[in-house]
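A.B. asks: No sequence on hand, only this structure:
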C-alpha cells in the first residue's frame, strides 16, 4: 500500500501561481509514476501531468508551458508548480502514484484549487 498526503491548494488570482505537493509513504520502492489528476464540477477526471522516476514527463496540452512537475525520489515527494493559472484550472487536484508491473493506482485525498478572475 501507498499513502499519499497532499498540500498546497487554495484560492489564487488568475495569472498567479500556486504550488501543490504530495508526499508518499508506505511501499514506495515500487512506485513508477507520480502525478496529478484534476476534476472540475460536472467534469470527468483528467490527468494533468505525470513524472517517472527517471524524470520523464507527460503534460496535458492544457497546462503545457504553465505547469511544472518535479519529483524528489529520495523523499518520495512530487510537486506541481502552477503558473499563469486560469479560471479553467479551478478543480479538485488529486495526487496519484502507480506501481511497476502492476495495475495498482493509489490516490491522495485531493486538494481544491480555485482561481478567481
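C.D. replies: Noted; the coordinates are in hand. Keep in mind the model is a prediction, meaning the values are calculated, not measured.
A.B. asks: Any regions of the protein where pLDDT drops low?
C.D. replies: Residues of the chain meeting the criterion pLDDT under 70: none.
A.B. asks: Point me to the residue sitting closest to the centre of it.
C.D. replies: Taking C-alpha atoms, centre = their mean, the centroid of the chain lies closest to residue 36, which sits 2.5 Å from it.
A.B. asks: Check whether it really touches residue 91, as I assumed.
C.D. replies: No - judged on C-beta atoms under 8 Å, residue 36 makes no contact with residue 91 at a distance of 10.1 Å. Bear in mind the C-beta positions are built from the backbone N, C-alpha and C, glycine included.
A.B. asks: re earlier: tell me how far the nearest residue to the residue nearest to the centre of the chain once chain neighbours are set aside lies from residue 102.
C.D. replies: With C-beta to C-beta, 6 or more residues apart in numbering as the criterion, residue 36 has its nearest non-adjacent residue at 4.5 Å, and that residue is residue 48. Distance from residue 48 to residue 102, counting by C-beta to C-beta, to the nearest Å: 22 Å.
A.B. asks: still on that earlier bit, what about the residue nearest to residue 36, distance to residue 40?
C.D. replies: Counting by C-beta to C-beta, the gap from residue 48 to residue 40 is 12 Å.
A.B. asks: Show me which of these two is the more surrounded one.
C.D. replies: Higher neighbour count among residue 48 and residue 40: residue 48, with 23 against 14, using other C-beta atoms under 10 Å.
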